[in-house]
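Asker: Dropping a prediction and its sequence here:
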Amino acid sequence: MGLSEAAVRQRVQKLLDQGVMQIVAVTDPLTVGFRRQAMVEVNVEGDVESVADALTAMDECEYVVMTAGSFDLMVEIVCEDDDHLLEVINRRIRAVPGVRSTESFVYLKLKKQTYMWGTR
């Protein structure tokens, strides 16, 4: 690219400072003992943001997004096993005030997961 190492370092720091970029390590859940992943769709009565905030606070909820359509929220959860998955959905997610219903999609095999936004 014709830039010095110092120039590249400064540009990266500027992107980090502006919040345009993050540098993170991404682990493979299976290799660190989390053998069960699922997408849980949630229907809410009342304030969607308060339910989303409650789910965001749960360590198992890796991805929480408010949506338009059949469901109010999509929540990706990562658990150790089926018992842990059941506990998270049944005792924790469904116990959040405002949660009307859930529908779960258990992952059988992860075929692709990339973090390439903004690089195409």
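Answerer: On my side now, so go ahead.

Asker: Going by C-alpha atoms from here, please, whenever you check contacts or count neighbours.
Answerer: Noted.

Asker: Give me the spatial nearest neighbour of the residue nearest to the spatial centre of the chain, chain neighbours excluded.
Answerer: In the chain, the centroid-proximal residue (Cα atoms, centre = their mean) is residue 63; its distance is 1.6 Å. Using Cα to Cα, 6 or more residues apart in numbering and skipping residues adjacent in sequence, the residue nearest residue 63 is residue 76, 5.0 Å away.

Asker: Same question for residue 99.
Answerer: residue 44 (4.7 Å).

Asker: Likewise for residue 72?
Answerer: Nearest to residue 72 is residue 43, by Cα to Cα, 6+ apart, at 5.1 Å.

Asker: Mind naming the longest helix for the chain?
Answerer: Longest helix of the chain, by residue count under DSSP state H: helix 5-17.

Asker: Can you identify the element that follows that one toward the C-terminus?
Answerer: strand 36-44 (DSSP states H and E).

Asker: Just checking: what are the partner strands of that following strand?
Answerer: Paired neighbours of strand 36-44 in the sheet (DSSP bridges): strand 73-79 (antiparallel), strand 99-106 (antiparallel).

Asker: neighbouring contacts of that strand?
Answerer: 30, 51, 71-82, 85, 98-107 (Cα atoms under 8 Å, 6 or more residues apart in numbering).

Asker: Could you list the single helix or strand in this protein with the lowest mean pLDDT?
Answerer: helix 5-17 (a mean of 92; mean pLDDT, DSSP states H and E).

Asker: Please identify the buried residues of that helix?
Answerer: Going by neighbour count (16 or more other Cα atoms under 10 Å), the buried part of helix 5-17 is residue 12.

Asker: Alpha carbons of that helix, as CSV, please.
Answerer: Provided in CSV are the C-alpha atoms of helix 5-17 (Å, rounded to 0.1, in the frame of the first residue of the first chain):
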residue,chain,number,x,y,z
GLU,A,5,4.0,1.1,9.7
ALA,A,6,3.5,4.3,11.8
ALA,A,7,0.9,5.7,9.3
VAL,A,8,-1.0,2.4,9.3
ARG,A,9,-0.9,2.3,13.2
GLN,A,10,-2.2,5.9,13.3
ARG,A,11,-5.0,5.1,10.8
VAL,A,12,-6.1,2.1,12.8
GLN,A,13,-6.1,4.0,16.0
LYS,A,14,-8.3,6.7,14.4
LEU,A,15,-10.8,4.1,13.2
LEU,A,16,-10.8,2.6,16.7
ASP,A,17,-11.3,6.0,18.3
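
Asker: Perfect, I'm done here.
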